[in-house]
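Peer 1: how would this look folded up:
(2 chains)
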Amino acid sequence: MIDAVLNSSTSLTVRQKTHWSDRIAHLSLALVALALMVFLAFPLGAILMQSLLGKAGEFAGFSNFITYAQTPALLTSLWNSVWVSIVVTVITLPLAFGFAYAITRSCMSHKSLFRGISLIPLLAPSLLSAISLIYWFGNQGVLKAAMQSVGIAQIYGAPGIVVAECFSVFPHALMILITGLSLADARLYEAAAAMGTTASRKFFTITVPGAKYGLLSAGLVTFTLVMTDFGIPKVIGGNFNVLATDVFKLVIGQQDFAKGSVVALLLLLPAVLTFAVDHYVSKKQTAMLTARAVPHRPVPSRGYDMAMTAFCTVISLLMLAMLGMAIFASFASFWPYNLTPSLRHYVLGMVDGEVGEGFVNSLKMASGTALFGTVLVFFSAYLLEKTKGAGWLRAPVRMLAMLPMAVPGLVLGLGYIFFFNALSNPLNWLYHTTALLTLCTIVHFYTTGHLTAVTALKALDGEFEAVSASLKVPWYKTFWRVTLPICTPALVDIARYFFINAMTTISAVVFLYSPETKVASIAILNLDEAGEIGAAAAMAVMIAGISAVATGVFMLLARLVDRRTQAWRGTR
Amino acid sequence: MTDQPYLQLRNVKKEFGAFTALSHINLEIAKGEFVCFLGPSGCGKTTLLRIIAGLETPTSGSIFQAGNDITRRPPAERDYGIVFQSYALFPNLSVADNVAYGLVNRRVERGAIKNRVTELLKLVGLPGSDAKYPSQLSGGQQQRIALARALATSPGLLLLDEPLSALDALERVRLRQEIRALQQKLGVTTIMVTHDQEEALSLADRIVVMNHGFIEQVGSAMDIYREPASPFVADFVGKVNVLPGSLNGQQLSVGTFSIALPRVPARDSSTQSVKVYLRPEDVLARPVGGGAASFAADDPHVFDAVIEKIEFLGSFCHVRVNTPAFAPHKLTVYLSLNFLTEQSLVVDSPLRLKLLPERLRLF
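Peer 2: Reported below is the predicted structural model:
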């Protein structure tokens, strides 16, 4: 009897009243969700829609895909993209692994210098290496004869794409592998040594299995980056067509949105696969290293360290040769006949090519991306990680925050055209504006910033919010007084990442600019198309210079911020 | 004790999906009481504390504090201060700013805040540490600051979630005593969650022993220890020997050993099997043939034993003995080191033991 009474009363589930300050949090989270829907989910949906529509906008089922499969030229591009990406992955992965191995597992000197040099390709648009290759091996290249003597007729086409891509993706693969290789437990090596294991056996039974997830992840990232890169094949591809250039030609050249969207979906495929595998792998990776692992410290060994130094020197020299040639050629008066230094190309690019304005636009966009992107990313991550309630919103927002990782810039840009250029869209006025370029770039690079913010927030004590609530201090005050000051180093990191990528990105914005809002990286592409390769080199070098200066400024800022807000850290 | 309890839990239940974390929790806590929630990990004690704090919402049931139904109130609308195992001090704020954190928001005058902070830091034994950062303090000192911060707004209820677990053994005992002294001085109603029985026994006015989401027993430390209400409580709090026996009326038999119990719960008269719970210290020991000091020869509570193993633990020893009467079950008893030394008892020494029948518990 009593039980029955109790049970009937327990069927009413207690729901806590929502405090007004929590309502603000829920509303903010809903706004974030809305923004990510409008600027990410809807444009991607627009591509899907477009791929199923005919020329006149009628529903066409899978006919676009069938036409695509029946167009030999397009299938050739697909095959080209795939094999070039595989070749680049096969070349880059061992080289990057060797480099990462030298940095994490040897006692060679000047590690930070080598590491710094290896990151050079990140400072400029990827096409810088393509431009540089043209100066080395192009029709009037200094080493053209040497190249032809080994049987390569010309650099334009697959050879150029492969070499240039190897350079531009190297730092991406390297960073992943360094992370993978630094997660080593010294105890395993000590145990192996105690059993008298040979060095090569240790390498294949401990090192390689330990780094296998990193290798897999680096391989997939390399493949996807090459597959979806637009700048390099545009500059050095010649008549060698790949998917990325096809999309551009189909959409901008022929206005064939249906086929363009089919190709875009093909580009999305490897990226989504990479994302899925990476997600799976990162879960495994964290489980591998326990809190009790003792970090592995390399021991000096003369011959081995020398060999590693030699290897890294060769790679670094190649990196420097790439940047160096671009710099040298940008100052040459008239390549290859008059090599006396002049600022001719800089003047030509900045004034005649109107890239000066492009730089202003680039700086506007990069600053906007860094500022608004950082604010949005961090605030959203905070709402996700540290506030409670509105559970139904959290899973979708979390997913949308991770999604940009799986969306190549070209695809995102194409989605923006389809979605924002539609006359029926009330946000149509955004099209061609710097604001939309900025938004697109924020979304494009959202995930890395999001992950950085989440990592920083997870490092904080989980009970700060509970303590605040018990003291009747609303969450936003604690956010402002505690969370934000503690996380400023992460904020600076996120801002730097956004800024540099906004300066160098081409793929997403190539669909979205107007003559008034053209950014510098796009202007370089146009200069190259107009045959002004010298000016293109000069402008690419300038972007690299600005990125380098910006990196320096952000590092200074980080130090300043550290001194101001992190005084409590080192005081133990 | 006033008529109305300060805190009242009625039929509180908490489910996480299919898992029932708490079922039918009924509890009343008087104003000024110090109550410990004691139990193994996963018993629901922390969940219960978090429900009282509003950090979790019960699936059903209701909670009253000072006569008000607070079941559906969010944490910010309740009246309590809380201290966590992790301290949760704001690392970028000075000690003074940490303690003043809740005061600043209440528009307390600046001078008054400063006085209050000084007063609280003195109260927790850390005067003059205003300008320091938490990272400059030891774990115990940080937890004292967290306590000061929780008490700053003079809450009616103080919640402590395993506040001592992260500290080293010495610091733990010291802070334990300070917390108790402070609580008695301020008279604040306090609930502390702990899995450490020693902590609970030494601190609490009343202990709530929990297991698998149920309250097993509520009582004073002495009640819990001497009169455990269930086998779980007897087993969880302190050590205990468990022997199978049978009960016929007042006559209890274990092996070949048989005694009459002074008091027996009303059961039916037929013989039934029982489990006998005997604490290791509830046995008196004498040497064999020790003359005047030995037990009376006809005492039915006395039996012979032989030492099988001695585990040295400092001032007293865990001694495992072989008792022919209880065979094949063995008994562990606590004997003082002095006794063992004086009687030169070693492994294989014979011994006479006497049961204290009023201390036996039957389940």
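Peer 1: Hmm, B:Ser23 is touching B:Phe214, no?
Peer 2: Yes - between B:Ser23 and B:Phe214 a contact is recorded at 6.1 Å, counting by Cβ atoms under 8 Å. Yep, even glycine has a C-beta here, placed from its N, CA and C like the rest.
Peer 1: all helices of the stretch 251-363 of chain B, in order?
Peer 2: Taking DSSP state H, counting those that start in this stretch as the criterion, the stretch 251-363 of chain B carries its helices at B:337-342.
Peer 1: quick one, strands of it?
Peer 2: Taking DSSP state E, counting those that start in this stretch, the strands of the stretch 251-363 of chain B run over residues B:251-254, B:257-260, B:272-278, B:283-286, B:302-312, B:316-322, B:330-336, B:350-355, B:361-362.
Peer 1: where does chain A dip in pLDDT?
Peer 2: Low-confidence regions of chain A, defined by pLDDT under 70, span residues A:1-12, A:284-293, A:353, A:569-572.
Peer 1: burial of the residue of it found nearest chain B, as a residue count?
Peer 2: The minimum distance from chain A to chain B, using Cβ to the nearest Cβ, falls at A:Leu471 (3.1 Å). By the criterion of other Cβ atoms under 10 Å in any protein chain shown, A:Leu471 has 25 neighbours.
Peer 1: domain parsing for the chain?
Peer 2: I went with chain A, as the question did not name one. What automatic domain parsing lists as the domains of chain A is A:19-45+A:345-566, A:75-334.
Peer 1: Actually, chain B is the one I wanted.
Peer 2: According to automatic domain parsing, the domains of chain B span B:7-236, B:241-362.
Peer 1: So which of these is the most surrounded?
Peer 2: domain B:7-236 (a mean of 19; mean count of other Cβ atoms under 10 Å in any protein chain shown).
Peer 1: Give me the below-cutoff pLDDT ranges for the stretch 1-150 of chain B.
Peer 2: B:1-3.
Peer 1: just the strands in it please.
Peer 2: Going by DSSP E, counting those that start in this stretch, the stretch 1-150 of chain B shows strands at B:7-16, B:19-29, B:34-38, B:60-65, B:68-69, B:81-84.
Peer 1: Parallel or antiparallel, list what pairs with the second one.
Peer 2: When sheet partners are counted by DSSP bridges, strand B:19-29 sits next to strand B:7-16 (antiparallel).
Peer 1: quick one: contacts for the residue of chain A closest to chain B?
Peer 2: B:Gly81, B:Tyr101, B:Gly102, B:Asn105, B:Arg149, B:Ala152, B:Thr153 (Cβ atoms under 8 Å, 6 or more residues apart in numbering or on different chains).
Peer 1: Tell me how far the residue nearest to A:Asn139 when sequence neighbours are not counted lies from A:Gly260.
Peer 2: Leaving out its chain neighbours, the residue that sits closest to A:Asn139 by Cβ to Cβ, 6 or more residues apart in numbering or on different chains is A:Gln154, at 7.6 Å. Noted for A:Gln154: a distance of 29 Å to A:Gly260, by Cβ to Cβ, to the nearest Å.
Peer 1: So between those two, which is more surrounded?
Peer 2: Counted by other Cβ under 10 Å, A:Gln154 and A:Gly260 do not tie: A:Gly260 has more neighbours, with 28 against 15.
Peer 1: Quick check, B:Pro127 in contact with B:Val117.
Peer 2: No - here B:Pro127 does not reach B:Val117: they are 10.3 Å apart, not a contact under Cβ under 8 Å.
Peer 1: residues in the stretch 351-500 of chain A within reach of chain B, list them.
Peer 2: Contact residues, the stretch 351-500 of chain A versus chain B (Cβ under 8 Å from any Cβ of the partner chain): A:461-464, A:466-474, A:477-478, A:481-482, A:485-486.
Peer 1: Could you check how far B:Arg176 is from A:Gln50?
Peer 2: Distance from B:Arg176 to A:Gln50, by Cβ to Cβ: 69 Å.
Peer 1: Okay, now stretch B:133-141: how far is its last residue from its first?
Peer 2: In stretch B:133-141, first residue to last residue: 11 Å (Cα to Cα, to the nearest Å).
Peer 1: ok, back up a step: what subset of the residues of the stretch 351-500 of chain A next to chain B is buried?
Peer 2: A:461, A:463-464, A:466-474, A:478, A:481-482, A:485-486 (16 or more other Cβ atoms under 10 Å in any protein chain shown).
Peer 1: In helices, which of those residues fall?
Peer 2: A:Phe464, A:Ala466, A:Val467, A:Ser468, A:Ala469, A:Ser470, A:Thr478, A:Pro485, A:Ile486 (DSSP state H).
Peer 1: quick one: contacts for the closest residue to the third one other than its chain neighbours?
Peer 2: Leaving out its chain neighbours, the residue that sits closest to A:Val467 by Cβ to Cβ, 6+ apart is B:Ala88, at 5.1 Å. Taking Cβ under 8 Å, 6+ apart as the definition of contact, the neighbours of B:Ala88 are A:Asp461, A:Glu463, A:Phe464, A:Ala466, A:Val467, B:Ala146.
Peer 1: circling back: state the pair within the ones in helices among the buried ones among the residues of the stretch 351-500 of chain A next to chain B that is farthest apart.
Peer 2: A:Ser470 and A:Pro485 (21.1 Å; Cβ to Cβ).
Peer 1: Noted, bye for now.
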